[in-house]
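Student: What would the 3D arrangement of this be:
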Amino acid sequence: MAYDVFLAYAQADNDMAALVARRLRALKFKVRFSKKREDPTFDDKDARDALKSQHMLIIWSEAAVRSDWVRAAASIGHSRTGMLVQTVLDDTVPYEPFGDDRRYELAGFTSRTTVEGWYQTVEELGRRSGRIDLRTWIDLSAKDEDGKSEWLESHPNDPLALHAQSLREKKLESRPAPAPEAASAAALAASAIGQTQMANGGSRVSAPAPAARAPATNTTPSEDTGFDLVIPTIAIGIGAMFLFGYVFRSEPLPAISNLRPIVNTCPAGTVPENLIAPPVLEAGPIINDTEPEPDN
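Tutor: All right, here's what the predicted structure looks like:
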């Protein structure tokens with residue numbers, strides 16, 4: 001894999017190297033940095049990655065000067081013109097031939113504090129990579145959406161702008177497609193409307209137009225089937241009920257079987273005797289039904 005920046009540092013300065021790598025990656029630089037590096041020996045893989053990198057950024061310090069790994073990396077970076085960019089964390093002066101080259105001071109650089117040496121480091125890496133105005137981007141606050149949008153529009157070919165465009169495209173692609181049922185219904189509606197207009201001599205349309213609300217029409221009872229028979233039927237039924245009630249209240253109740261009418265048997269204010277004193281059973285002859293009856 002090709003890198004924009006190969007980061008050379010001593011293991012004692014691992015925290016500062018992690019901060020530098022994180023900030024450079026936020027600016028869309030591809031950084032070769034391994035936080036879990038334990039082998040102090042600059043091996044073949046390290047050499048291949050260094051040779052495939054466009055730039056090498058060295059973080060000099062008292063520990064870095066004594067590190068064989070940093071000195072081996074610095075030698076590769078110095079062997080290629082325009083590859084090496086140097087920073088320093090303290091008053092350490094690296095050995096020759098690195099002592100005469102410019103070094104950007106990162107003393108005091110933290111996740112919340114940006115020092116001038118960091119601006120200069122980023123501008124130098126940007127200049128060598130064909131990127132400009134990175135200082136302005138760094139100074140934009142996280143909430144300054146308008147400022148970021150304006151910067152991205154002014155630098156359409158910068159990796160930051162290309163990354164933002166890629167995110168927008170992925171967001172558009174991730175939107176759910178319309179349901180097949182809804183698409184089929186819309187197609188059927190468009191087809192039906194088109195056929196109707198063709199039958200009426202008009203031109204066929206490809207998309208359904210919004211349905212207009214039908215104008216309200218005044219309907220009379222005579223237009224509603226059966227409505228004119230409801231009220232007379234109800235009136236006739238009520239009249240029949242009153243008529244039957246009057247007839248049955250005027251005539252005496254008919255006799256039940258061969259008994260006298262109830263109104264004559266039970267005058268008003270009286271109660272039938274069988275309801276007050278039920279009939280008493282009288283004793284009769286004893287019949288022996290255990291033996292067969294004699295033949296006549």
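Student: Need the per-residue pLDDT for residue 74.
Tutor: pLDDT, residue 74: 94.
Student: Quick check: closest non-adjacent residue to it.
Tutor: Spatial nearest neighbour of residue 74, chain neighbours left out: residue 58 (5.6 Å); criterion: CB to CB, 6 or more residues apart in numbering. For the C-beta atoms, the positions are set from N, CA and C on the backbone; glycine is no exception.
Student: Identify all contacting residues around the host helix or strand of the one you found.
Tutor: Residue 58 is located in strand 53-60, with elements delineated by DSSP states H and E. Residues outside strand 53-60 that contact it (CB atoms under 8 Å, 6 or more residues apart in numbering): 2-10, 13, 16-17, 20, 24, 32, 50, 64, 70, 73-74, 76-77, 83-89, 92, 94, 98, 103, 106, 121, 125, 128-129.
Student: re the thing from before, please name the bridge partners of the residue nearest to residue 74.
Tutor: Listed by DSSP bridges, the beta-bridge partners for residue 58 are residue 8, residue 86.
Student: check contacts around residue 110.
Tutor: Residue 110 touches residue 19, counting by CB under 8 Å, 6+ apart.
Student: Against residue 4, how distant is it?
Tutor: Between residue 110 and residue 4 the computed distance is 23 Å (CB to CB, to the nearest Å).
Student: and what of residue 123?
Tutor: 15 Å.
Student: Which of those two has more residues huddled nearby?
Tutor: Neighbour totals were compared for residue 123 and residue 4, and residue 4 leads with 21 against 17 (other CB atoms under 10 Å).
Student: which secondary structure element contains that one?
Tutor: strand 3-8.
Student: just residue 47 next, same as before
Tutor: Going by DSSP H and E, residue 47 is in helix 44-51.
Student: Show me what that helix packs onto, helices and strands only.
Tutor: strand 3-8, helix 68-79 (3 or more CB pairs under 8 Å, 6 or more residues apart in numbering; DSSP states H and E).
Student: where are the low-confidence patches of this structure?
Tutor: Across the chain, the ranges flagged by pLDDT under 70 are 177-187, 189-190, 192-228, 230, 246-284, 287-289, 291-296.
Student: Try it again at 50.
Tutor: Along the chain, the model assigns pLDDT under 50 to residues 204-208, 214, 217, 219-223, 253, 255-259, 296.
Student: What are the boundaries of the helices in it?
Tutor: Counting by DSSP state H, the chain has helices at residues 14-26, 44-51, 62-65, 68-79, 116-129, 134-139, 145-154, 159-173, 180-199, 227-250, 262-265, 273-276.
Student: Identify the residues contacting residue 136.
Tutor: Contacts of residue 136 (CB under 8 Å, 6+ apart): residue 151.
Student: Roughly how far does it sit from residue 21?
Tutor: Relative to residue 21, residue 136 is positioned 22 Å away (CB to CB).
Student: Fine by me, thanks again.
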